[in-house]
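Asker: after the sequence you'll find the predicted model.
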Amino acid sequence: MYLAGADPFQGDRLGYLALSKPGLAERDRQVFDACRRHGLPLAVCMAGGYAPDVGDIVDIHEATVRQAAAHWRRAAGSPAV
């Protein structure tokens, strides 16, 4: 289970790691790639997000969902979209 929280975002009041949106996307990519490399099943749960601009939270969660879908398509042998 991967709890893909938005809390580490630099604009989040709980964002002590101060990651940018590209930084969060890289975090997701690393998690997905590591699970694939080790043949681990993966379930993603969205969490957190207390940035003042709700659009930032939506962007972060959407990017994670898109990467998860692309990861699943690669694992299933389907072409990337």
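Answerer: The structure has been received and is ready for your questions.
Asker: switch to C-alpha atoms for all contacts and neighbour counts from now on
Answerer: OK.
Asker: how far away is the most centrally placed residue in the chain from L3?
Answerer: Residue closest to the average C-alpha location in the chain (CA atoms, centre = their mean): T64, at 3.3 Å. Distance, T64 to L3, by CA to CA, to the nearest Å: 11 Å.
Asker: low-confidence ranges in the protein?
Answerer: 15, 78-81 (pLDDT under 70).
Asker: go again using 90 as the cut-off
Answerer: 4-18, 47-52, 71-81 (pLDDT under 90).
Asker: show me where it has its strands.
Answerer: Along the chain, counting by DSSP state E, strands occupy 2-5, 44-47.
Asker: tell me the most buried of the ones you listed?
Answerer: strand 2-5 (a mean of 16; mean count of other CA atoms under 10 Å).
Asker: direction included, what does that one pair up with?
Answerer: strand 44-47 (parallel) (DSSP bridges).
Asker: now find how far off-centre the strand it pairs with is within its chain.
Answerer: Remark: strand 44-47 is offset 8 Å from the chain centroid, using CA atoms, centre = their mean, to the nearest Å.
Asker: and for stretch 21-29?
Answerer: The answer for stretch 21-29 is 6 Å, by CA atoms, centre = their mean.
Asker: so where's the longest helix in this protein?
Answerer: helix 54-76 (DSSP state H).
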